[in-house]
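S.K.: I would like to see how this sequence folds:
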Amino acid sequence: MSQQLSRRQFGALALTGIGTSILLAGCGTSATPDSGGASTAAAGDAFRKATVNLAWWTNPVRTKYTGEIVKDYTNAHSKITVNRAPGEWATYWTKLSTQVAGHTEPDVIQMDQAYIAEYGGRGALLDMSKVGSIDVGPLKSSLAAGTLDGKLYGIPAGNTVYAVLANKTLFTKAGVDLPDDKTWTWDDYIDLSAKLAKASHGAFTGTSWFGGDQDVQIWLKQHGEQLYTAKGKLGFSAKTVASWFAMVKKLFASGGGPTDDQYTNDIATSVQQELFGTNKSAMGWHWNTQLTALAAANGGDLVLLRPPSVSGSAKKNGLYFKPSMYWSVGSQTKYPAQAGGLIDYFLNNVSAAKLQLVDRGIPTNEKVIKAITPLLAKTDQRAVTYMQNVKSEISWVPPIPPKGTSTVAQVAQRHTEDVVFGRATPSAAASAFRAEVQSLLDSNS
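M.R.: Numbering: from 1, shown residues only. Presented below is the predicted three-dimensional model:
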């Protein structure tokens, strides 16, 4: 995933241009299942004559290989025409919401987790469980992450998993050993960060920090809670979030974390320009698929570590798989089976996988992973290995974030700043955070 996104964008992406305009009367399609629940997008229709419109946000690498995949697909299925509409992230969502409102929605949409509830919950996405042209058998383990209220609104194009990245080069310079990531606790993490910073004599700090919703999510899970319930309600207490902010305050007070200003700058810049990407911190919190970009940026020998836990048990560290992005079908499509056929090719075809590799995340189809792993850069292979190593320790799938919550990462970071800047106590920040997230839910219910 080579696109340079800031931490704000990568972790929880702000909603732009989506509102009640996509609450459309009659935005369904002939693909809508009949009262008996049978599929009206049968697999046998996948290659019937159709023009399918494909939209995705992109970078030069993604644009090139996506074009090659589409060309191979249409060469093999001559009755299918695919109109490609690559877009820039900054304008992608505004354009999509306008298209939905104007009934010119693409048939196949590259979708993000922050928007599944916004679009799916307002009738703009098709229930893909009724699209028989997609072979979901090899993808079953990932489907829950795209399911809302029993409807499959998106199938992950690939997965990521959170990690603490450690720069072994800087550890060696500091004369500090790597931790045992299967047993370390948050206190161990804070102590190690302080030790690294002190040993560097000001050359780098022990760890950078993000403080977004995925960080809070892990902490909550370690305490038996979660951000949201499956019904779209709050699933956490202010007391548990207060303990989170207290831990963050302890980290910053230890001297092992970034300065206040460094934190503010880090969450707004690209990952390559962060403290960790510029060799100014020995550890950093990132998705495993960002390893290659960061290794190229700082030139260090990077290692992926499991997050610390309260109990010192890897099976209780709260990790989960996060879809890097999804493939969705627009509910206005006239060609649900043909749209599904194209998505199936992206997800399950080995030839297509060898072109896209892990740019859209690590595939969920095990056959595809096995086929592409030898072709990957060494750092990408490490990312795959890390995911495979933690797979047996992951026991939950967070519910899709409810409508209106796409800015929660920024809300968490703002209250984190209040704590580390001394503008609020952990308890006050936690109460304010919970009230603000509840307000976001209420205003979109």
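
S.K.: Show me the strands in the chain, by range?
M.R.: Ranges of strands in the chain, per DSSP state E, are 50-57, 80-87, 108-111, 147-148, 151-152, 155-167, 205-207, 281-287, 302-305, 321-329.

S.K.: Out of the ones you listed, flag the one nearest Asp442.
M.R.: The closest of the strands of the chain to Asp442 is strand 147-148. By C-beta to C-beta, the value is 18.7 Å. Every C-beta, even on glycine, is put in place using the N, C-alpha and C of the backbone.

S.K.: Which other helices and strands does the closest one contact?
M.R.: helix 113-120 (3 or more C-beta pairs under 8 Å, 6 or more residues apart in numbering; DSSP states H and E).

S.K.: Taking strand 155-167 as reference, get the angle to the helix it packs on.
M.R.: Orientation note: helix 113-120 sits at an angle of 160 degrees relative to strand 155-167 (axes from the mean of the first three to the mean of the last three C-alpha atoms, to 10 degrees).

S.K.: Going forward, count from 49.
M.R.: Sure, I'll start counting at 49 from here, so that last one is helix 161-168.

S.K.: Okay, now the unreliable bits of the protein?
M.R.: 49-90 (pLDDT under 70).

S.K.: 80 instead?
M.R.: Under the criterion pLDDT under 80, the flagged ranges of the chain are 49-92, 493.

S.K.: what's near enough to touch the most centrally placed residue in it?
M.R.: The centre of the chain sits closest to Ser372, judged by C-alpha atoms, centre = their mean, with a distance of 4.3 Å. By C-beta atoms under 8 Å, 6 or more residues apart in numbering, the residues touching Ser372 are Met49, Pro204, Ala205, Gly206, Asn207, Thr208, Trp335, Thr337, Arg408, Gly409, Ile410.

S.K.: neighbours of Val179, just the number please.
M.R.: Close neighbours of Val179, defined as other C-beta atoms under 10 Å, add up to 29.

S.K.: picking that back up, between the strands of the chain, which one is nearest to Lys269?
M.R.: Nearest of these (C-beta to C-beta): strand 203-215, 11.3 Å.

S.K.: what's that closest one packed up against?
M.R.: By 3+ C-beta pairs under 8 Å, 6+ apart, strand 203-215 packs against strand 329-335, helix 339-346, strand 350-353, strand 369-377, helix 384-396, helix 426-438.

S.K.: what would the ones you listed look like in CSV with distance to Trp104?
M.R.: As requested, the helices and strands packed on strand 203-215 are exported to CSV (distance: least, C-beta to C-beta, whole Å):
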stretch, distance to Trp104
strand 329-335, 19
helix 339-346, 19
strand 350-353, 27
strand 369-377, 8
helix 384-396, 10
helix 426-438, 21
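
S.K.: which one of the ones you listed lies closest to Gly115?
M.R.: With C-beta to C-beta as the criterion, Gly115 lies closest to helix 384-396 of these, at 12.8 Å.

S.K.: which parts of the closest one are buried?
M.R.: 384-396 (16 or more other C-beta atoms under 10 Å).

S.K.: Which single one of the residues you listed is nearest to Ala124?
M.R.: Among the buried residues of helix 384-396, and counting by C-beta to C-beta, the member closest to Ala124 is Tyr393, at 8.7 Å.

S.K.: gap between the closest one and Trp234?
M.R.: Distance, Tyr393 to Trp234, by C-beta to C-beta, to the nearest Å: 44 Å.

S.K.: cool, Gln274 as well?
M.R.: 18 Å.

S.K.: likewise Thr453?
M.R.: Taken as C-beta to C-beta, the span from Thr453 to Trp234 is 26 Å.

S.K.: higher neighbour count, the two?
M.R.: Between Thr453 and Trp234, counted using other C-beta under 10 Å, the more crowded position is Thr453 (24 against 18).

S.K.: ok, that one touching Val485?
M.R.: Yes: using C-beta atoms under 8 Å, Thr453 is in contact with Val485, at 6.8 Å.

S.K.: First-to-last residue distance for stretch 349-363?
M.R.: The straight-line separation of the ends of stretch 349-363 (C-alpha to C-alpha, to the nearest Å) is 26 Å.

S.K.: What are the contacting residues of that stretch?
M.R.: For stretch 349-363, using C-beta under 8 Å, 6+ apart, the contacting residues are 210-217, 226-227, 229-234, 236-237, 266, 270-271, 331, 333, 336, 339, 342-343, 364-367, 427, 430-431, 434, 438, 441, 443.

S.K.: Buried ones among the residues you listed?
M.R.: Buried, going by 16+ other C-beta under 10 Å: 210-215, 227, 229, 232, 234, 236-237, 266, 270-271, 331, 333, 336, 339, 342-343, 365-367, 427, 430-431, 434, 438, out of the contacts of stretch 349-363.
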